[in-house]
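Novice: Let's see this in three dimensions:
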Amino acid sequence: MQRRRLLTTSAGLGLATLVPPSIAQPVNASSRPPASVRIEEVSAVALSAALRQRQTSAEQLVQACMARVNAVDRRGPRLNSLIELNPEARAIARALDAEAAAGRWRGPLHGLPVLLKDNIATGDRMPTTCGSLALAGIRATRDAHLVQRLRAAGAVILGKTNLSEWANIRGSRSTSGWSALGGLTRNPYALDRSTSGSSSGTAAAVAASLAPLGVGTETDGSITSPAAVCGLVGLKPTVGRISRDGVIPISHTQDTAGPMTRTVADCALLYAALAGPDGADPITQGAPAGEPAASVAIDPRRPLAGLRLGVPRAYFSGVPDVDAVAAAALATLARLGAEVVDPVDLPQPDYSEAELSVLLHELKPGLAQWLATFAPHAPVKTLADIIAFNRREAARELAWFGQDLFEQAQALGGLDSPAYRAALARCAKGAREEGLDRVLRTHRLDALVAPTDGLAWLIDPIKGDHFSGGFTTPAAVAGYPHLTVPAGLARGLPVGLSFVGPAWSEALLLRLGAAFEQASAARKPPAYPRRTVPV
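Specialist: All right, here's what the predicted structure looks like:
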């Protein structure tokens, strides 16, 4: 079944982009919103207030988002960040408007459009594909737990976003933001630059104001890295805060979903809706009791007084422009009252091979279980089936890069193998005992702060991604929370600032991020330049 067509990008880069026909077509003209409805760079908190005050409606917001998808994602810059728009979104919005008119208000998410990364199951008319042709058209049997929570909170699921196929675990020489089903997603800050991944489409879409709120997932860097290079706030929570039920898995040790937004207040709002215990994901039972706050309170005089923040210099990029932005950010934090301990001794990970071993061991059984539970009608049942499908469809699936990681995972033993148990122990020791726990305790720190990533790299489908270091791995492997917020621009490209703390410290990290955000006003909207290098 041919569900895509070959297009040349509007950026004039000469790169082939594969786009599903349903996404390539304009939105119906009836979706054009009234002139008074403005969503570009408007926060979810402000939109929620407007809904509550009857200044707009959920249906008008959905129409405005769809019109913007038409103008920015499918035409104009052609970001190609969405795989699917929800055909039921307007009807859901109308029903929520009727509830509001009858006096029923579900909370601050009531009527707000939300985009989901397309590895999160929705039991509706939208397929759940992980960007793979092997799952094209396959609808999940039910909603993921986090989707159930969003619907109960009154959110409108606007659509599914593109991603690095199979959440970037298929091949070691991948191009972030590309999937065989969804094509290539572009960075709105420079269309020739990577969105990073794997929550690439969510990052680009929210940065471009296609929706006020987005949900990504992370195993190592897949929320925080694309958020940083697309000028967003991204929160990877402590593993166990948000249920993974229904999320196409890589690793039950490291996987988590999390919010991606343009402001810290919006991040807190969405995080509060997503977080909660779930019997289908037993690890959530270990989270502290009580619901996270949906807002962030800070003292406007000295909001960070009494807090000690450590600076792990080993994670700085060495790029002068990026390090200059980070230096200014550290000065801002000190001015806000924080005691900045610079430097602290957190070396680069020496457990990267063990981390990959854990991920590959857990991938095979986890994927089979998800397929059996959420897609029993799919033509693929196991990782071996997917590998075989990709070989049959090599011209479409493997044209840009291969599936060597899939093949390594398929060849590994089970979760009772000595190699897996040794790798798991090495990761826990390296990331926690000898890593974050040690440095936080030794220096009596509340959190660590460092640049999230280097600058977004040029898209290169031949050599793949060109990562320039980052601060994602320690928190990812430890399972600890990690918040990134915009810190400024370097040569027109966003720089993210990371706050990492101990388990269950999301509220503190959001407080840190909110204080820095208010003091710095660092985020600038994207301008969609075609290229960042001369021709």
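Novice: can you pull the contacts of Y315?
Specialist: Counting by Cβ atoms under 8 Å, 6 or more residues apart in numbering, Y315 makes contact with 346, 348, 450-451, 469-471. The way it works is simple: take the backbone N, C-alpha and C, and place the C-beta from them, glycine included.
Novice: Most neighbours among those, which one?
Specialist: Counting neighbours by other Cβ atoms under 10 Å, F471 leads the contacts of Y315 with 30 neighbours.
Novice: The closest residue to L213 other than its chain neighbours: neighbour count?
Specialist: Nearest non-adjacent residue to L213, counting by Cβ to Cβ, 6 or more residues apart in numbering: V114, 4.6 Å away. V114 has 25 neighbours, counted by other Cβ under 10 Å.
Novice: Is it correct that V114 is in contact with D266?
Specialist: No: the criterion here is Cβ atoms under 8 Å, and V114 misses it with D266 at 10.8 Å.
Novice: Which neighbours do these two have in common?
Specialist: L213.
Novice: quick one, helices of the stretch 351-500 of the chain?
Specialist: Here the stretch 351-500 of the chain has its helices, by DSSP state H, counting those that start in this stretch, at 352-374, 383-392, 394-397, 404-411, 418-428, 437-442, 473-478.
Novice: you'd agree V114 is in a helix?
Specialist: No: the assignment for V114 is strand, going by DSSP: H, G, I helix; E, B strand; the rest coil, so no helix is present there.
Novice: mind listing what it touches?
Specialist: Shown in contact with V114 (Cβ under 8 Å, 6+ apart): 150, 155-158, 211, 213-215, 270.
Novice: Next, find the distance separating it from G318.
Specialist: 37 Å (Cβ to Cβ, to the nearest Å).
Novice: same question, A95
Specialist: 53 Å.
Novice: Among these two, which residue is more densely surrounded?
Specialist: Remark: of A95 and G318, A95 carries more neighbours, 14 against 9, as counted by other Cβ under 10 Å.
Novice: what helix or strand is that one on?
Specialist: For A95, the host element (DSSP states H and E) is helix 89-101.
Novice: Give the other helices and strands that that helix contacts.
Specialist: helix 58-68, strand 156-161 (3 or more Cβ pairs under 8 Å, 6 or more residues apart in numbering; DSSP states H and E).
Novice: Can you tell me which of the ones you listed is packed in deepest?
Specialist: strand 156-161 (a mean of 28; mean count of other Cβ atoms under 10 Å).
Novice: what pairs with the helix or strand following that strand, and is each one parallel or antiparallel?
Specialist: As assigned by DSSP H and E, the chain's next helix or strand after strand 156-161 is strand 178-179. Strand pairing for strand 178-179, using DSSP bridges, gives strand 183-184 (antiparallel).
Novice: which SS state does S222 fall under?
Specialist: Relying on three-state DSSP, one would call S222 coil.
Novice: Show the pLDDT at it.
Specialist: S222 carries a pLDDT score of 98 in this model.
Novice: residue contacts, it?
Specialist: With contacts defined as Cβ under 8 Å, 6+ apart, the neighbours of S222 are 164, 167-168, 197-199, 216.
Novice: May I see those arranged in TSV, with distance to A372, neighbour count and pLDDT as well?
Specialist: Shown next, in TSV, are the contacts of S222 (distance: Cβ to Cβ, whole Å; neighbours: other Cβ atoms under 10 Å; pLDDT from 0 to 100):
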residue	distance to A372	neighbour count	pLDDT
S164	24	30	98
A167	19	28	98
N168	23	28	98
G197	27	28	97
S198	23	35	98
S199	25	38	98
G216	25	34	99
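Novice: can I get those residues in TSV with distance to R106?
Specialist: Listed next are the contacts of S222 as TSV, based on distance: Cβ to Cβ, whole Å:
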residue	distance to R106
S164	33
A167	30
N168	34
G197	32
S198	31
S199	26
G216	23
